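Q: Predicted model and sequence follow; I will ask about them next.
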Amino acid sequence: MVLEDVLRRSYELTRYRRPPIGLEMDGFCHWLHEQGYSRSVLRSHIAKVSHFNQYLRYLGIKHPQDVQDLHAERFIATHLRKRKRISSRHTAPAIRRVMKYLTERGVVIPAVEPPVPYQCVLDGYLDYLRRDRCLADGTVRSYRHYLTPFFHCLDGTDILRSLSEVSPQQVHDFFVKRAKGKADITRAHIQSALKSFFAFCAKQGYVPGHLTNSVPKVFRYQLATPPRPVCEQDAQKLITSIDRSTSTGRRDYAIVLLLHTYGVRGAQVRTLRLQDIQWRHSRIRFRSCKGGKEILDPLTDEVGESLLDYLRHGRPQAAYPEVFLTDHAPFHPLKADTLYIMIASRMRRLGLIQAALGPHGFRHGFATRMLNSGQSLKTIADLLGHRNLDSTFIYAKVDFETLKQLPLDWPEV
């Protein structure tokens, strides 16, 4: 697809093909078309890029090789400042996409950012987490996320000297500042990252060993909060409320049905691949997640029909092995926040706010249904993919029939 296939007025071709970026506009149109963008989006992007092209000509840039990311960010900032944010909300995505296209083509050479002063220490620590502690990639990314602000508080000229001069009070103050207002689980993650990092630094001789003990403790009572399951009535209400006449509705219906039927995690639904659906054997496989076990369940007729309906009439054509993709271009597998927002927004619209919002409420609901039907905790742990039975004990709080037998008689006063 080229400019002639998109533009309605032929006299615009000359203006849009002016250097420096106009020379690459036909390839940019084809690149967008291959990613599934509609014709109207292509026209909008071309118009925004044309304004950017005029800005570059005003700066005296004549060749696309001279365009830099700095020019794009300055144009976006100037455009947003001069115009209303609502009218210019598509400007930044269009300009950044054309810069991405030019970079992939090798026309624009991205600026090489200088390495941060603490990079060598951070890389050594991350390698230690992967090699010695065998932590998952998600956990390593989480530790890096919580540690980066701590490095920013240090003197960057000599990172090893700065680490050797860190005092317990500095560690305490940093933790209090970063953990203020955060949830208990977030505070626990910050604590784990700091303690693990200082243990690594003590092993390497960067810091004294007592800094590990200066990280404040986070007290969390095990199994303190009861599960907030989505009950059967609310689950059926949500399932029947989804409009399956659209591609998005077919996708969301299949996702909610999977969560309700099998009680799997949201991550297991997002990473479900086409080869995991074993049609000939009527089975479906969910990959292991969060250190759990792989789950192999029978494929029910209702779930199978919902998946077929989505794959035939709702899933966009994209070269990804994952089953569920975004409903708009550029098409790619769902992210965690996208899945959560989709389910939570549908639950809020129906007033289903008593249960845990997001996909995890269906997992609690599945375990609660299994428990009420007389299944043992061991069986529920296997169905949920728990390796450790302790992870399943939280559902004992909703086993009301068993709990009724536990309280002692209260003597009359």
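A: Arrived safely, thanks for sending. Note that the structure is predicted; figures quoted are calculated from it, not measured.
Q: Quick check: the closest residue to P216 other than its chain neighbours vs T139, distance?
A: Once flanking residues are discounted, P216 sits nearest to F175: 5.4 Å by C-beta to C-beta, 6 or more residues apart in numbering. In this view, the C-beta of every residue, glycine as well, is placed from N, C-alpha and C. Separation of F175 from T139 (C-beta to C-beta, to the nearest Å) stands at 19 Å.
Q: what about the residue nearest to P216, helix or strand, and which?
A: helix 168-179 (DSSP states H and E).
Q: Tell me how far that helix lies from the chain's centre.
A: 28 Å (C-alpha atoms, centre = their mean, to the nearest Å).
Q: One more: stretch 361-377?
A: The answer for stretch 361-377 is 27 Å, by C-alpha atoms, centre = their mean.
Q: Look up the pLDDT of W410 for me, please.
A: Listed pLDDT for W410 reads 56.
Q: and what of K404?
A: 56.
Q: residues of stretch 297-304 that come out buried?
A: D297, L299, V303, G304 (16 or more other C-beta atoms under 10 Å).
Q: now stretch 161-169
A: Residues of stretch 161-169 classed as buried by neighbour count (16+ other C-beta under 10 Å): S162, L163, V166.
Q: Mind listing residues that contact that stretch?
A: Residues outside stretch 161-169 that contact it (C-beta atoms under 8 Å, 6 or more residues apart in numbering) are V121, L154, D155, G156, C201, Y206, V207, H210, L211, N213, S214.
Q: Quick check: of these, which lies closest to V41?
A: G156 (42.6 Å; C-beta to C-beta).
Q: which outside residues touch stretch 110-121?
A: Stretch 110-121 is contacted by residues 68-70, 103, 122, 151, 154, 156-160, 163, 201, 206 when judged by C-beta under 8 Å, 6+ apart.
Q: Which residue ranges of the stretch 1-150 of the chain form helices?
A: Here the stretch 1-150 of the chain has its helices, by DSSP state H, counting those that start in this stretch, at 3-6, 12-16, 25-34, 39-58, 69-82, 91-105, 119-131, 137-152.
Q: Quick one: those helices as TSV, columns for distance to K180 and mean neighbour count too.
A: Formatted as TSV, the helices of the stretch 1-150 of the chain follow (distance: least, C-beta to C-beta, whole Å; neighbours: other C-beta atoms under 10 Å):
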stretch	distance to K180	mean neighbour count
helix 3-6	51	15
helix 12-16	52	14
helix 25-34	44	19
helix 39-58	41	18
helix 69-82	31	14
helix 91-105	32	18
helix 119-131	24	15
helix 137-152	13	15
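Q: In a markdown table, list these along with mean pLDDT.
A: Converted to a markdown table, those look like this (pLDDT from 0 to 100):
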| stretch | mean pLDDT |
| --- | --- |
| helix 3-6 | 81 |
| helix 12-16 | 83 |
| helix 25-34 | 92 |
| helix 39-58 | 91 |
| helix 69-82 | 84 |
| helix 91-105 | 93 |
| helix 119-131 | 93 |
| helix 137-152 | 91 |
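Q: Just want the angle from the helix holding F175 to helix 137-152.
A: On the basis of axes from the mean of the first three to the mean of the last three C-alpha atoms, to 10 degrees, helix 168-179 is oriented at 120 degrees to helix 137-152.
Q: average pLDDT across helix 168-179?
A: 92.
Q: what's downstream of that helix, the next helix or strand?
A: helix 184-204.
Q: and C134, how many residues sit next to it?
A: The tally of other residues near C134 (other C-beta atoms under 10 Å) stands at 7.
Q: One more: I343?
A: By the measure other C-beta under 10 Å, the count of residues near I343 is 23.
Q: Now the helix holding F175: buried residues?
A: Neighbour counts over helix 168-179 (16+ other C-beta under 10 Å) mark V171, F174, F175, R178, A179 as buried.
Q: Run through this protein and note the low-pLDDT ranges.
A: 82-89, 156, 220-225, 396-413 (pLDDT under 70).
Q: quick one on the thing from earlier: would you list the contacts of stretch 161-169 in a markdown table and tack on distance to R8 and secondary structure?
A: Formatted as a markdown table, the contacts of stretch 161-169 follow (distance: C-beta to C-beta, whole Å; DSSP: H, G, I helix; E, B strand; the rest coil):
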| residue | distance to R8 | secondary structure |
| --- | --- | --- |
| V121 | 57 | helix |
| L154 | 57 | coil |
| D155 | 59 | coil |
| G156 | 54 | coil |
| C201 | 63 | helix |
| Y206 | 64 | coil |
| V207 | 66 | coil |
| H210 | 72 | helix |
| L211 | 66 | helix |
| N213 | 70 | helix |
| S214 | 67 | helix |
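Q: Buried members of these into ChimeraX, please.
A: Buried residues among the contacts of stretch 161-169 (16+ other C-beta under 10 Å), as a ChimeraX selection:
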select :121,154,201,206,207,211,214
